[in-house]
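**Student:** 3D model of this:
(chains A and B)
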Amino acid sequence: ETGVTQTPRHLVMGMTNKKSLKCEQHLGHNAMYWYKQSAKKPLELMFVYNFKEQTENNSVPSRFSPECPNSSHLFLHLHTLQPEDSALYLCASSQEKGSVFNQPQHFGDGTRLSIL
Amino acid sequence: ILNVEQSPQSLHVQEGDSTNFTCSFPSSNFYALHWYRWETAKSPEALFVMTLNGDEKKKGQISATLNTKEGYSYLYIKGSQPEDSATYLCAFPSENTDKLIFGTGTRLQVFP
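**Tutor:** I've put the predicted structure just below:
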């Protein structure tokens, strides 16, 4: 199933570069999420959007800037990242806010980000 | 701070063996418990969302049980196959938010 698509799959960038990660879901969901997984750490929520509005920012540094132009698309704009930001970034979607209490989240394959 | 713990961290079994692993979570203010299966280089795939104490869910040879009073869930795989090799994650919603708190997972490797 390719309900949630993320591009690119891999990204290598320097600390002064600006790049964006893209996520698109074809499931008709209204909530979208960005997660980060660093080596040997659990998946960590970064942002939640519900009907295009940001509902959660898990104390993420401002060098990560999310954008949700509509319920199907989610971006993560990256600027002046640090080496410790190298990680796997996963996008997910669910029906709507509050659905974590009875519905699963649907994940993309992730973007593997390396900061030089 | 909510904490979700999974054990063991990793497991190696032979094809045909049955196996099980544990997810522990805070027993107060229970809302739901998620299980996901994550194969290398693929996306995490939802297995179960469990909401009721005593719940037992099954998907093929994989089943899960839930004890909300003592704060644990077991995932069982009957007759493991090499294609069951993956990391199995559990997650617990943080109160009144959309935040899922994930465990670090149990990495299962099934050898032919």
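**Student:** Now for residue A:55: which residues touch it?
**Tutor:** A:48, A:49, A:97, B:98 (CB atoms under 8 Å, 6 or more residues apart in numbering or on different chains). (Glycine included, C-beta is placed from N, CA and C.)
**Student:** now swap in residue B:50 and tell me
**Tutor:** Counted by CB under 8 Å, 6+ apart, residue B:50 has contacts B:32, B:33, B:34, B:35, B:57, B:64, B:66, B:73.
**Student:** hey, where'd the strands end up in chain A?
**Tutor:** Per DSSP state E, chain A carries strands over the ranges A:4-7, A:10-13, A:18-25, A:31-37, A:44-50, A:53-57, A:64-70, A:73-79, A:87-94, A:106-107, A:111-115.
**Student:** quick one: which of the contacts of residue A:55 has the most company?
**Tutor:** Neighbour tally across these (other CB atoms under 10 Å in any protein chain shown): the maximum, 25 neighbours, falls on residue A:48.
**Student:** Pairing-wise in the sheet, spell out the partners of residue A:33.
**Tutor:** residue A:48, residue A:92 (DSSP bridges).
**Student:** same deal with residue B:92?
**Tutor:** Using DSSP bridges, the bridge partners assigned to residue B:92 are residue B:101.
**Student:** ok, how many other residues are close to it?
**Tutor:** Using other CB under 10 Å, residue B:92 has 25 neighbouring residues.
**Student:** what about it, distance to residue A:102?
**Tutor:** Separation of residue B:92 from residue A:102 (CB to CB, to the nearest Å): 13 Å.
**Student:** joint contacts of those two?
**Tutor:** With CB under 8 Å, 6+ apart, residue B:92 and residue A:102 have common neighbours residue B:32.
**Student:** in stretch B:71-89, what's buried?
**Tutor:** Buried residues in stretch B:71-89, counting neighbours by 16 or more other CB atoms under 10 Å in any protein chain shown, are found at B:71, B:72, B:73, B:75, B:77, B:80, B:84, B:85, B:86, B:87, B:88, B:89.
**Student:** wait, which of those is closest to chain A?
**Tutor:** Proximity of the buried residues of stretch B:71-89 to chain A (CB to the nearest CB) peaks at residue B:89, which lies at 7.1 Å.
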